[in-house]
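Visitor: take this sequence and fold it.
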Amino acid sequence: MAKPFLKWAGGKTSLLPELLRAAPDEIETYYEPFVGGGALFFALQAAGRFKRAVLSDSNRELINAYAQVRDNVDGLVRALSVHQRKYRESEDRAEYYYTIRGKKLTCSLGGAANLIFLNKTCYNGLYRVNSKGWFNVPHGRYVNPTICDEGNLRAASEALQGVELRVADFADGPRLAGAGDFVYFDPPYVPLSETAYFTSYTAKEFGMDEQGRLARTATTLAAQGSCVTLSNSGHPDVASMYSSEVFELGEVHARRAINSKANSRGPVREYLIQSG
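Guide: Residues are numbered from 1 along each chain as shown. Below is the predicted model of the structure:
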């Protein structure tokens, strides 16, 4: 089975058993508007549980990476193999890293290769950009990171064949979803504390106004007949946004691997929100 080819903050690999139980057994179209690392998509695809899939995100560079994996995996493998060789042979790996980081990420084969390289070699595998859209995560100093995982890239490419990829706002990606469709929202979480306030993988922050708009979008989609599931933090404000007449709130515990403090990478209580 293909696995996520990017490490993404809030990745759902550890919660796959719960998410797979939440998903219908048979899905007409699967929508994932905050695709991130795509762990649930790859698991559902391997199980043959949807007929069609639409993956979207407002992050253009991320969707470009998915498109290059789907459409140009041979060229991507070659480009990442060059990165891997040069990085491992470099006498100053940090210098090589910052040289690549200093290039603006573009929606191209080279841009996708650079994004994946940075993701594999940056600190904690975090994707973060500044207000101008420039990637700004420091070097990770791993001993020998696997930059080109050719086997998984080819498996991911096969899984992505026939999948529709969109650069879109979370409300636009699944707006046509209806009966028989499954929509999974995995947004930037409502922060549990000021120190946990990381809410953006693009130059635009995802604040409480956006959280409210997400709740309204999910309610509309549920009214259209689609099965809707959302993940979010265990913050009490999250519970107040989702009507008990439409949604059921369950609690799960996820282990967070991306945290600046190693001793804070433990189980965290989260909400798993499902339409009735």
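
Visitor: now do the buried residues in the host helix or strand of Leu118.
Guide: Taking DSSP states H and E as the definition, Leu118 sits inside helix 109-121. Neighbour counts over helix 109-121 (16 or more other C-beta atoms under 10 Å) mark Leu109, Gly111, Ala112, Ala113, Asn114, Leu115, Ile116, Phe117, Leu118, Asn119, Lys120, Thr121 as buried. Where C-beta positions appear, they are placed from N, C-alpha and C, glycine not excepted.

Visitor: adding distance to Asn59 and pLDDT, write these out as TSV.
Guide: Listed next are the buried residues of helix 109-121 as TSV, based on distance: C-beta to C-beta, whole Å; pLDDT from 0 to 100:
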residue	distance to Asn59	pLDDT
Leu109	17	98
Gly111	12	98
Ala112	12	99
Ala113	16	99
Asn114	14	98
Leu115	10	98
Ile116	14	98
Phe117	17	98
Leu118	14	98
Asn119	12	97
Lys120	17	97
Thr121	19	98
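
Visitor: residues in contact with Asn152?
Guide: Ala2, Lys3, Phe5 (C-beta atoms under 8 Å, 6 or more residues apart in numbering).

Visitor: does it count as helix, strand or coil?
Guide: Three-state call for Asn152 (DSSP: H, G, I helix; E, B strand; the rest coil): helix.

Visitor: from His253, how far off is it?
Guide: 27 Å (C-beta to C-beta, to the nearest Å).

Visitor: ditto for Ala112
Guide: 34 Å.

Visitor: what about the closest residue to Trp134 other than its chain neighbours, neighbour count?
Guide: Spatial nearest neighbour of Trp134, excluding adjacent residues (C-beta to C-beta, 6 or more residues apart in numbering): Lys104 at 6.9 Å. Using other C-beta atoms under 10 Å, Lys104 has 11 other residues around it.

Visitor: check Arg141 too.
Guide: Counted with other C-beta under 10 Å, Arg141 comes out at 12.

Visitor: Ala94 is in contact with that one, correct?
Guide: Yes - contact criterion C-beta atoms under 8 Å: Arg141 and Ala94 qualify, at 7.3 Å.

Visitor: related to what we said a few turns ago, give me the contact list for the helix holding Leu118.
Guide: 5-7, 61-62, 64-65, 67-69, 72, 75-76, 79-80, 83, 87, 93, 97, 100-101, 103, 105, 125, 127, 135, 137, 139-140, 142, 145-147.

Visitor: apply 6 Å and report the result again.
Guide: 6-7, 61, 64-65, 68, 72, 75, 79-80, 83, 97, 100, 105, 125, 135, 140, 145, 147 (C-beta atoms under 6 Å, 6 or more residues apart in numbering).

Visitor: how far off centre is it?
Guide: 15 Å (C-alpha atoms, centre = their mean, to the nearest Å).

Visitor: for Asp181, list the residues it contacts.
Guide: Contact partners of Asp181, counting by C-beta under 6 Å, 6+ apart, are Glu28, Thr29, Ser226.

Visitor: quick one, which of the residues you listed are buried?
Guide: Thr29, Ser226.

Visitor: would you format the contacts of Asp181 as TSV with pLDDT included?
Guide: Shown next, in TSV, are the contacts of Asp181 (pLDDT from 0 to 100):
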residue	pLDDT
Glu28	99
Thr29	99
Ser226	98
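
Visitor: just give me the closest of the contacts of Asp181 to Ala171.
Guide: Nearest to Ala171 among those is Ser226, at 13.3 Å by C-beta to C-beta.

Visitor: check contacts around the closest one.
Guide: Ser226 neighbours (C-beta under 6 Å, 6+ apart): Ala177, Gly178, Asp181, Val183.

Visitor: give me that answer again for 7 Å
Guide: Neighbouring residues of Ser226 by C-beta atoms under 7 Å, 6 or more residues apart in numbering: Ala177, Gly178, Asp181, Phe182, Val183.
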